[in-house]
Each structure stands twice: as C-alpha cells, then as structure tokens.
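Trainee: Just a sequence and a predicted model for now, questions to come.
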Amino acid sequence: MNRRLRNALKGLTALEDDRRRRAMEPFVRATFDIFIRYLYRYLGNEVECEDVLEDVYADIWENPQRLSHVTSERELLRTVYMYYMRKRLREVYRRMNRHVHLPQIDLENLTAPDLGILETMSQTELEQVLHRALGRLKARERRGIELWMQGMSSRAIANELRTTVPAVKMLKYRTILKLKEMLNEYCGKV
Amino acid sequence: MTERDRTIQELLSDYAGALRDGGVPVFLKSLSRQEGQAIADSGEFWGATEVVRILNGAGFANKAVTADVGLFMSRVDANIASRLKKSTTPSKPRRTCGRKSVTKPQRTEETI
C-alpha cells in the first residue's frame, strides 16, 4: 500500500467525529479512482456509481472500525466491498423485487454478489491477465469481444462479422465461458 | 414482454449489454417467469456473469472517473454533515394521530 493511502487510513481511526470528518478528504482523494472503477463493474452507470459511493464514504466515516486493520490495497477493496458497498448496491435494486421474476436471493447475487477470486484482483493485474487471455482466443472470438467492448450492439457486431444476431449472442456466450476458464487457470497458477 | 422465452445464451448477452449500458433495471424487468427460473437454475450463467463484470470494469470503468474529485468531496461532506446533524438533534416525541386519551374520572358507587 502506498504512503498516501496508509496516511489517509490512519486518520479514519480517530474517535472524534470532527477529526474523522477532516480525515475523509485525503481518504476520498486517495481512493476515489479505485472505488468508482470497482463500482462501475456492478452498475455500469457513472451517475449511480457516484450516488452509491457518496453513501459508502459517509458509512465509512460513521463506522470506520472495519478498516482499522487493513494493510494492503487489495484488502482495502475487499473490506470496503464486503462491508460497505454491497449493502448499498443491494439497496439500489431492493425496490425492484416486486416487479421481477427472479427470487430475491438471485436478484442479490446478480446485483451484489459474493466476491470471486477474479474480483479481488487489482485493476492493473486484471487488465494484464485479460489482455493475455484475449490474445489466446480465436480471431473471430476476439473480434466479437473487442467490438462489444467498443460499445457496439449485437446487431452492429452481426453486421460487422457478416452473421446473424443469435449467432453473435452464441459467440459471445461461448467466448465468455472460454475466458472464464482461462482466467480461472491463471488464478490456479497464482 | 418478449414473445418467446430467451435462451440462456441470449440472456447472458442481454445482461452483458445491459450492464455495459447501465440498464440493469430494464433487463431485470424484461425477465419472464420462465427466464427467471432458467437463470436461477443455470450454473454456467452465474459463472459467466463474473467475467462480464470484469470485462465491463476493464473496458468502460474509465468513464466513471471524474476529473473533479473536489466537487464529489463536497457531496460527501454534506452527507456527513447531515448525519452529524441528525445524531446531535434530539428526537422529537412522536405525535399520535388520534385524540389524546383523557383519563376517565373514576366511578365510585354511590352509597344509598
């Protein structure tokens, strides 16, 4: 963990509310990028990410005890997700459960799941592993995923690859499963 | 409502698209009862969602990073201030909507 983050975390353990409040600024500045990128995985919407993160930081200010023994960035992310973010993420979708044909537990697992090994990896590490995994895919599979990551719809990808929409969806599904296998393989090695 | 139930491949593709575009609620609402059941029963779907989230983070998370953290910080500070205010303000006694109960005068038997 870098010095800036370590110092920011120290201030959060103060007992007085005001001192903790003052310590929030360096903490927010040191962690905002990490946390918002992480939240984006689950929400895919920058406005909602900021709303959720605002409450997460206020929760941390109110009950910072969980962070008192954190020693690494990975551990910090894991702790913040498990004890602060997950609760807030679930609240985003809680009101929806009346209109959704999905059991409550599955809705929670879809929107704010337990952490897998992949999800605890740092952003840089993940990007490196993904890059390597994408390089091992067949050209058509890689092209499909790359186009999707550029923001193209299934129909646009189908036009680009000269195929049908269902074929693109099938290709995406198979490629994602293949990527999962490759990433798991990597995690097994680590 | 869709005309036919989507296969698990189509559901994963639609979920990935919804997550990428920030439209998960629309995806959730579009699920039919059978599709919900298919998702609940499919192990592969749950395994694949983890990769979809990671791809989403790797590909698009940069969009969420704002240049002005100071502005965001002021929102956090306002949130903390309101919580502080709530914790220091003594809570008002709850008002009841109904009429106040009036203590009835105690009836005593009159002596004849």
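Mentor: Perfect, thanks for sending it.
Trainee: ok, and the closest non-adjacent residue to the most centrally placed residue in chain B?
Mentor: The structure's chain B has its C-alpha centroid closest to B:Pro25; by Cα atoms, centre = their mean the separation is 10.5 Å. What sits nearest to B:Pro25 in space, not counting adjacent residues and going by Cβ to Cβ, 6 or more residues apart in numbering or on different chains, is A:Met96, at 6.1 Å. All C-beta atoms are positioned from the backbone trio N, CA, C, and that covers glycine.
Trainee: before we move on, back to that, you'd agree the residue nearest to the centre of chain B is up against A:His99?
Mentor: No. Taking Cβ atoms under 8 Å as the contact criterion, B:Pro25 and A:His99 are not neighbours in contact, 9.2 Å apart.
Trainee: Just the CA trace of stretch A:141-151, in CSV.
Mentor: Extracted in CSV, the C-alpha atoms of stretch A:141-151 (Å, rounded to 0.1, in the frame of the first residue of the first chain):
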residue,chain,number,x,y,z
GLU,A,141,-14.0,-14.6,-30.9
ARG,A,142,-11.5,-11.9,-30.1
ARG,A,143,-13.0,-9.6,-32.7
GLY,A,144,-16.5,-10.2,-31.3
ILE,A,145,-15.5,-9.3,-27.7
GLU,A,146,-13.4,-6.3,-28.9
LEU,A,147,-16.4,-4.9,-30.8
TRP,A,148,-18.6,-5.4,-27.8
MET,A,149,-16.1,-3.6,-25.6
GLN,A,150,-16.1,-0.8,-28.1
GLY,A,151,-19.8,-0.3,-27.2
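Trainee: burial count for the single nearest residue of chain A relative to chain B?
Mentor: Evaluated by Cβ to the nearest Cβ, chain A has A:Asn45 as its residue closest to chain B, separated by 3.0 Å. One way to gauge burial is a neighbour count; for A:Asn45, by other Cβ atoms under 10 Å in any protein chain shown, it gives 21.
Trainee: Roughly how far does the residue nearest to B:Pro25 sit from A:Asp18?
Mentor: Computed as Cβ to Cβ, to the nearest Å, the A:Met96 to A:Asp18 distance reads 38 Å.
Trainee: which one of these two has more residues nearby?
Mentor: A:Met96 (15 against 9).
Trainee: What residues does that one make contact with?
Mentor: By Cβ atoms under 8 Å, 6 or more residues apart in numbering or on different chains, A:Met96 lies in contact with A:Leu107, B:Pro25, B:Leu28, B:Lys29.
Trainee: Let's see which of those end up in helices.
Mentor: Assignment to helices by DSSP state H places the following of those there: A:Leu107, B:Pro25, B:Leu28, B:Lys29.
Trainee: in the host helix or strand of A:Leu76, what counts as buried?
Mentor: A:Leu76 is part of helix A:73-80, with elements assigned from DSSP states H and E. Of the residues in helix A:73-80, those buried under the neighbour-count criterion (16 or more other Cβ atoms under 10 Å in any protein chain shown) are A:Glu73, A:Leu76, A:Leu77, A:Thr79, A:Val80.
Trainee: what about chain A, any weak spots by pLDDT?
Mentor: By pLDDT under 70, the low-scoring segments of chain A are A:97, A:189-190.
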